[in-house]
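J.: could you work out the structure for the sequence below:
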Amino acid sequence: MLKKAVDWGVIDAMPCTVTLLKVSKPAVSFYDFDEYERLVEAAKGIDHRTYVIVLLAGEAGLLR
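T.: I've put the predicted structure just below:
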């Protein structure tokens, strides 16, 4: 935000320096096909809205 304030002329200069820390990316796990099928069947048993949400999430790359 401070950089943008300098760009927009709201402040003349950055009042401090910011050093970003390096952070390792965590491992991402996805549902496998069997787990996803069980989830779809369970959602189908709840109601049609839950079923549609699970199907859309699966098409979008459902994460755990």
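
J.: show me what the helix of greatest length in the chain is packed against.
T.: Using DSSP state H to define each element, the chain has its longest helix at helix 33-46. Judged by 3 or more CB pairs under 8 Å, 6 or more residues apart in numbering; DSSP states H and E, helix 33-46 is in contact with helix 48-59. Every residue, glycine included, has its C-beta placed from N, CA and C.

J.: outside of the helix it packs on, which residues touch it?
T.: Residues from elsewhere that reach helix 48-59 (CB atoms under 8 Å, 6 or more residues apart in numbering): 31, 36, 39, 40, 43, 44, 62.

J.: drop anything exposed from these.
T.: By neighbour count, with 16 or more other CB atoms under 10 Å, the contacts of helix 48-59 hold 31, 36, 39, 43 as buried.

J.: save those residues as CSV, and put in pLDDT too.
T.: CSV is the format used below for those (pLDDT from 0 to 100):
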residue, pLDDT
31, 80
36, 89
39, 91
43, 95
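
J.: relative to its centroid, which residue of this structure is most remote?
T.: The outermost residue of the chain, judged against the average C-alpha position, is residue 12 (35.5 Å), by CA atoms, centre = their mean.

J.: and the longest helix of the chain, how far out from the chain middle?
T.: In terms of CA atoms, centre = their mean, to the nearest Å, the centre of helix 33-46 is set 22 Å apart from its chain centre.

J.: ok, now stretch 1-19?
T.: For stretch 1-19, the gap between its own C-alpha mean and the chain's C-alpha mean amounts to 29 Å (CA atoms, centre = their mean).

J.: endpoints of that stretch, how far apart?
T.: Its start and end residues considered, stretch 1-19 measures 14 Å (CA to CA, to the nearest Å).

J.: ok so, going back, the residue farthest from the centre of the chain and residue 6 touch, don't they?
T.: Yes: using CB atoms under 8 Å, residue 12 is in contact with residue 6, at 7.4 Å.
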